[in-house]
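[1] everything below, folded, please.
(chains A, B, C and D)
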Protein chains: 2
Amino acid sequence: MLTMERFDGKNIAIGLSAAVVGLKDQTPLILTICAEDQGDGQDMLPFGPFDPLRHRTFELGLRAFVEAQAGLQIGHVEQLYTFGDRGRHAQPGDKAYHVVSVGYLALSRGAAPEDAVSAEALKLSGASFQPWYVYFPWEDWRAGRPDVLDQHLLPTLSDWASKGDASKAERLKLAFALDGLVWDDERVLDRYELLYEAGLVREVAVDGRDTTLVSEMFVHTGRPMRYDHRRILATAISRLRAKLKYRPLVFELMGDEFTLTELQKTVEALAGRHLHKQNFRRLVEANALVEPTGTSSVQTGGRPAQLFRFRREVLLERPAPGLRV
Amino acid sequence: MLTMERFDGKNIAIGLSAAVVGLKDQTPLILTICAEDQGDGQDMLPFGPFDPLRHRTFELGLRAFVEAQAGLQIGHVEQLYTFGDRGRHAQPGDKAYHVVSVGYLALSRGAAPEDAVSAEALKLSGASFQPWYVYFPWEDWRAGRPDVLDQHLLPTLSDWASKGDASKAERLKLAFALDGLVWDDERVLDRYELLYEAGLVREVAVDGRDTTLVSEMFVHTGRPMRYDHRRILATAISRLRAKLKYRPLVFELMGDEFTLTELQKTVEALAGRHLHKQNFRRLVEANALVEPTGTSSVQTGGRPAQLFRFRREVLLERPAPGLRV
DNA sequence: CATATATATACTCAGATTGAGTATAAGTAG
DNA sequence: CTACTTATACTCAATCTGAGTATATATATG
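    Sure thing, here's the model as predicted:
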């Protein structure tokens, strides 16, 4: 019953997709590509088929795709999730294979203004970094609660949930912090999935659903992506936001030297919320995550700020060094 | 360049494997199967090939395999990781396909003594629940630091690390809490991977490595499993231990009514470490995870304990209800 | 140069949480 | 009745957290 003959692989293909996060001007960015032969204008993440004959591991394959499609070297890479549902990767003329999609999170400094080499490579390849809140406008709370929530998303979602079973209303309550619950910045995927199930994002069209009744919502639910790439991006943001709290991942996106304010603005940009300045400082210094370089920076107006660098040794000293804010 | 024709799926197969956790007599258990035609005596997790034509999603496929191979219904299911490296799933005569392995964590009440139906089904199928610390003896700290660490594992591992580059020594230090670091109960996978890389677990034999020099270590490094199943189990334990702290997963393994001591012993069994009794109580009650049933239990000796049940409503009240111990 | 303005950095303080107890209650075994 | 066992209540100091106030040091302006 359990022989290997049942491992009959035909008709299955594995797609590797990378959510490559960058940063420029306190804006979190995501690397997108466009392909000539699939150009319906929708954004895509760098991706490609895993071929075990050419790539020893998923990760090596992934790095090769990003390099080939955007000319970019990536640093930290971690696996997110493997999506296997039928339909979510479907495209016309694609009946031959069932595509299973392995999503990855990657971090890159290639979006920084000072990286001229990456900028040139991006221009040549046609790839580019897009602000990630374009795809999820309701996830940016830095300037307070986004208006789109109360004006468009929640009325429609509540209506949808009230017509379904109780579990839909429960999930909605938890994901969107109804009834006085606190907004959880890590539930990016939960929120996107609810919008998807409610048929409010443009991607549902490839599922063959009728969208005429809700299509006026699409303008409020962010820019769509090809395939299931927006779902992978949502997973990436969720993971990154969670991991910031117990791993020093921010520094993979920062320059070598930075002020504490720059560090804070970066964390705020990724977490999508505002932090208390004095307490942020205390946290960073208490955790010994950084050390002063001795120099200071002449900023725009105000007292000059000390410059700091990441203290790599912290990785060997503390079990879970991060910015639990 | 990015056409779907490159999604050429031949020679790839997807294997689904489940680490099904159960509990009996304060012992964490893992469901293992044995197959006649692959019977070299090594334990396996329930697993099988994903066939998109028969199973709409990975999860449905997985449930079907567990049902077929152990006659067991499983409750909570979550994806762990997808392993794609060449070699780790290899077996003689298995050249036709590259098997990519998607690991899952599942929880089941089927190992409880009162579940006669599951016991019967297990007997018929030949599957059984095994104590999980048999596979990872160094992970059980309930009775203090396990002797095997200082007597066998750490001397050999340190020796191995000192001959490699500095990063090996760093990983060893973090994973096994050298130099006064605190033991992190969640790093089960890190520790197993180090033992694997150092060639100290029996599974390395299928990698074609020479094991004559280290084979006397195998008796100290736990019982092996087929394929990469012990790695999946390590991932499952890591994830379960991490998630206990912010999700009320324990209750998926408990009966409907229980005393606080039973609850504590269960958490201790899973986390592999001893907890402070009075503080555990305080934590459980402060988080409003349970409510008294009004009855009490006549235990062996001592004052009778109140019986409690899980307060399901907590899922709707608090953002991350768990037992952060 | 004095002053307004902007940013950086230091320090305070009350309330909540945590780790590690002591004290007391309510059963069973002999 | 006494010893023993387990359950439950309460204490206390150290630490952490959220939300401030106060002060320092720059630039821009009249």
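
[2] residue contacts, A:R318?
    By Cβ atoms under 8 Å, 6 or more residues apart in numbering or on different chains, the residues touching A:R318 are A:N287, A:A288. Every residue, glycine included, has its C-beta placed from N, CA and C.

[3] then A:S17?
    A:L45, A:P46, A:F47, A:S101, A:V102, A:G103, A:Y104, A:Y227, A:H229, A:I232.

[4] which strand or helix spans whichever residue of the stretch 151-300 of chain A sits closest to chain B?
    Among the residues of the stretch 151-300 of chain A, A:D184 lies nearest to chain B; the distance is 5.1 Å by Cβ to the nearest Cβ. Assigned by DSSP states H and E, A:D184 belongs to neither a helix nor a strand.

[5] burial measure for it, as a count.
    18 (other Cβ atoms under 10 Å in any protein chain shown).

[6] is it true that it touches B:Y246?
    No. With contact defined as Cβ atoms under 8 Å, A:D184 does not reach B:Y246; the gap is 11.0 Å.

[7] anything in contact with each of these two?
    Common neighbours of A:D184 and B:Y246 (Cβ under 8 Å, 6+ apart) are B:A320.

[8] close to chain B, is stretch A:100-114?
    Yes. Shown here: stretch A:100-114 in contact with chain B (Cβ under 8 Å from any Cβ of the partner chain) through A:V100, A:V102.

[9] mind exporting that stretch as CSV, just the C-alpha atoms?
    The C-alpha trace of stretch A:100-114 is given here as CSV (Å, rounded to 0.1, in the frame of the first residue of the first chain):
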residue,chain,number,x,y,z
VAL,A,100,2.1,23.8,-6.0
SER,A,101,3.5,27.1,-4.8
VAL,A,102,6.3,27.5,-2.3
GLY,A,103,6.5,31.0,-1.0
TYR,A,104,9.6,32.6,0.4
LEU,A,105,10.5,35.8,2.3
ALA,A,106,13.7,37.5,1.3
LEU,A,107,15.4,40.7,2.4
SER,A,108,17.5,42.9,0.2
ARG,A,109,19.4,46.1,0.6
GLY,A,110,19.1,46.6,-3.2
ALA,A,111,16.4,49.2,-3.0
ALA,A,112,18.5,51.7,-1.0
PRO,A,113,19.3,54.9,-2.9
GLU,A,114,23.1,54.4,-2.5
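
[10] can you give me the mean pLDDT across it?
    Averaging pLDDT along stretch A:100-114 gives 94.

[11] can you pull the buried residues of that stretch?
    Across stretch A:100-114, burial judged by 16 or more other Cβ atoms under 10 Å in any protein chain shown covers A:100-112.

[12] follow-up on the earlier one: what about the spatially closest residue to the residue of the stretch 151-300 of chain A closest to chain B that is not a sequence neighbour, how many neighbours?
    Leaving out its chain neighbours, the residue that sits closest to A:D184 by Cβ to Cβ, 6 or more residues apart in numbering or on different chains is B:P319, at 5.1 Å. B:P319 has 13 neighbouring residues, counting by other Cβ under 10 Å.

[13] which parts of the stretch 201-325 of chain A sit against chain B?
    A:L315, A:L316, A:E317, A:P319, A:A320.

[14] run through who's touching stretch A:105-122.
    A:18-25, A:29, A:31, A:62, A:66, A:70-80, A:128-129, A:235-236, A:239-240, A:249, A:252-253, A:255.

[15] give the PyMOL command for selecting the buried subset of those.
    Applied in PyMOL, the following selects the buried portion of the contacts of stretch A:105-122 according to 16+ other Cβ under 10 Å:
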select buried, chain A and resi 18+19+20+21+22+23+29+31+62+66+70+71+72+74+77+79+80+128+129+235+236+239+240+249+252+253
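
[16] which of the contacts of stretch A:105-122 fall within strands?
    A:18-24, A:29, A:31, A:77-80, A:128-129 (DSSP state E).

[17] out of those, the closest to DNA strand C would be?
    Within these, the smallest distance to DNA strand C is 17.2 Å, found for A:L23 (Cβ to the nearest atom of the strand).

[18] what separation do you get for the nearest residue to the closest one once chain neighbours are set aside and A:G110?
    Spatial nearest neighbour of A:L23, excluding adjacent residues (Cβ to Cβ, 6+ apart): A:L253 at 4.5 Å. Separation of A:L253 from A:G110 (Cβ to Cβ, to the nearest Å): 10 Å.

[19] now do A:R318
    With Cβ to Cβ as the criterion, A:R318 and A:G110 are 29 Å apart.

[20] could you do A:L194 as well?
    33 Å.

[21] for the stretch 1-150 of chain A, which segments are assigned as helices?
    For the stretch 1-150 of chain A, applying DSSP state H, counting those that start in this stretch gives helices covering A:58-70, A:116-125, A:147-148.

[22] likewise the stretch 151-300 of chain A?
    A:154-162, A:166-175, A:188-197, A:229-244, A:260-271, A:277-286.

[23] tell me which of those is the most buried.
    Mean neighbour count (mean count of other Cβ atoms under 10 Å in any protein chain shown) peaks for helix A:229-244 among the helices of the stretch 151-300 of chain A, with a mean of 23.

[24] how about that helix and DNA strand D, touching?
    No. Helix A:229-244 stays clear of DNA strand D (Cβ under 7 Å from any atom of the strand), getting no nearer than 14.5 Å.

[25] so what's the nearest residue to A:L16 once chain neighbours are set aside up against?
    Ranked by Cβ to Cβ, 6+ apart and with sequence neighbours excluded, the top spatial neighbour of A:L16 is A:L62, at 4.9 Å. Contacts for A:L62 (Cβ under 8 Å, 6+ apart) come out as A:L16, A:A18, A:V77, A:Y104, A:A106.

[26] confirm for me that the fourth one is in contact with A:L16.
    Spelled out, that is A:Y104. Yes. Checked against Cβ under 8 Å, the pair A:Y104 and A:L16 is within contact range at 6.8 Å.

[27] quickly list what's touching both of these two.
    With Cβ under 8 Å, 6+ apart as the test, A:Y104 and A:L16 both reach A:F58, A:L62.

[28] skipping adjacent residues, who's closest to A:F129 in space?
    A:L29 (3.8 Å).

[29] quick check: the one you found touching A:W132?
    Yes. Checked against Cβ under 8 Å, the pair A:L29 and A:W132 is within contact range at 6.4 Å.

[30] which neighbours do the two have in common?
    Contacts common to A:L29 and A:W132, judged by Cβ under 8 Å, 6+ apart, are A:V21.

[31] near DNA strand D, which residues of chain A are found?
    A:276, A:278-279, A:282-283, A:286, A:298, A:301-304, A:324-325.
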